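J.: Here is my input, please return the structure:
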Amino acid sequence: MESLLAKKIIAGDFIITAEYLPDTDIEAKPRNIFMNCPAVAVNVADNPFGPVISSLAAAIKLKQAEIEPIYQLVTRDRNRIALQSDILGAASMGIKNILCLSGYHQTLTDMPESANVYDLDSIQLIELVNKMNTERTLLNGAKIKGNYSMLAGAVVNPYLRPLELNILRLMKKVKAGARFIQTQAVFNTTDFQEWLHAAYQEGITEKSAIIAGIYPLESYEEALNLLNKHTDFYIPESHIKRIKEAGDLEAQMKMGIAICVETISKIKEMKGLSGIHIISGGKEGIISEIISDAGL
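T.: Numbers count the residues shown, from 1 in each chain. Alright, predicted model coming up:
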């Protein structure tokens, strides 16, 4: 049986997804966190900045709250045995969407002394999920028993250049079996349109649903921290200036939301775009506001 997200992709519907960033609150209630949120599915981040509740446990809690999860799985912390085991565990709990990532290097987390694994990369993980779907076997040849179905997705940074190499890597992920692509946060809409047009020209948008990431900046300080620490954030100086000049922290947050709404307005009609992904960064409480203000 296909997931609701898969059915939306097949139907060609415009898709709204959102992000849940688990923390160390073992009593967190996803139903309350995502009350009235119209997203069709919710990503569960996999220890992006250090140890928190596991993405598998949080995805199960989402499902129990009748919210469709997109289980994020990074290869940084697991070898191929653990990856296959966790995928089977997710399937056994009725989870049917998985986002395959390499993950931030451990030096970008709050436990930089941790050892990494990277037994497989993100493309190999997509291939693994696809093999489990089509051949019903694990890498050691063991047969998968039961009703197994998993929709594989990937993440792409639309700002990496040269553009030709960016599109080549995107094509590899789609060829490996990624049926949806969520992008890193979009701020510069001109460069994003250039990337999306190139993907459309290569026929990629017909094979995989492209879902643009939108990130609500909450403050001038956050914008600077993201730029200084992460290479996948490309925030125009004009955005940073608008947030800085907005006033106090509450006003800066409102400006961040306004920029999100403006960005969505500029890109939602672009040819080849299949949806919007709200990257909460832990600010799940404003997801519904952004979706509503953007008329989605």
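J.: Can you tell me which helices and strands the strand or helix carrying residue 195 packs against?
T.: Assessed by DSSP states H and E, residue 195 sits inside helix 189-201. For helix 189-201, the contact count by 3 or more CB pairs under 8 Å, 6 or more residues apart in numbering; DSSP states H and E identifies helix 163-176, strand 209-214, helix 249-267 as packing neighbours. Backbone N, C-alpha and C define where each C-beta goes, glycine included.
J.: At which residues are the strands of this structure located?
T.: Under the criterion DSSP state E, the chain carries strands at the ranges 15-20, 41-44, 69-74, 97-101, 151-156, 180-185, 209-214, 273-278.
J.: can you put these in a markdown table and add distance to residue 136 and mean pLDDT?
T.: Written out in a markdown table, the entries for the strands of the chain read as follows (distance: least, CB to CB, whole Å; pLDDT from 0 to 100):
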| stretch | distance to residue 136 | mean pLDDT |
| --- | --- | --- |
| strand 15-20 | 27 | 98 |
| strand 41-44 | 24 | 98 |
| strand 69-74 | 19 | 98 |
| strand 97-101 | 16 | 98 |
| strand 151-156 | 15 | 98 |
| strand 180-185 | 22 | 98 |
| strand 209-214 | 24 | 98 |
| strand 273-278 | 28 | 98 |
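J.: Tabulate the ones you listed (a markdown table), appending mean neighbour count.
T.: Converted to a markdown table, these look like this (neighbours: other CB atoms under 10 Å):
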| stretch | mean neighbour count |
| --- | --- |
| strand 15-20 | 24 |
| strand 41-44 | 27 |
| strand 69-74 | 27 |
| strand 97-101 | 26 |
| strand 151-156 | 24 |
| strand 180-185 | 25 |
| strand 209-214 | 24 |
| strand 273-278 | 24 |
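J.: Reformat those as CSV; add distance to residue 225.
T.: As requested, the strands of the chain are arranged in CSV below (distance: least, CB to CB, whole Å):
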stretch, distance to residue 225
strand 15-20, 18
strand 41-44, 21
strand 69-74, 21
strand 97-101, 21
strand 151-156, 21
strand 180-185, 14
strand 209-214, 18
strand 273-278, 20
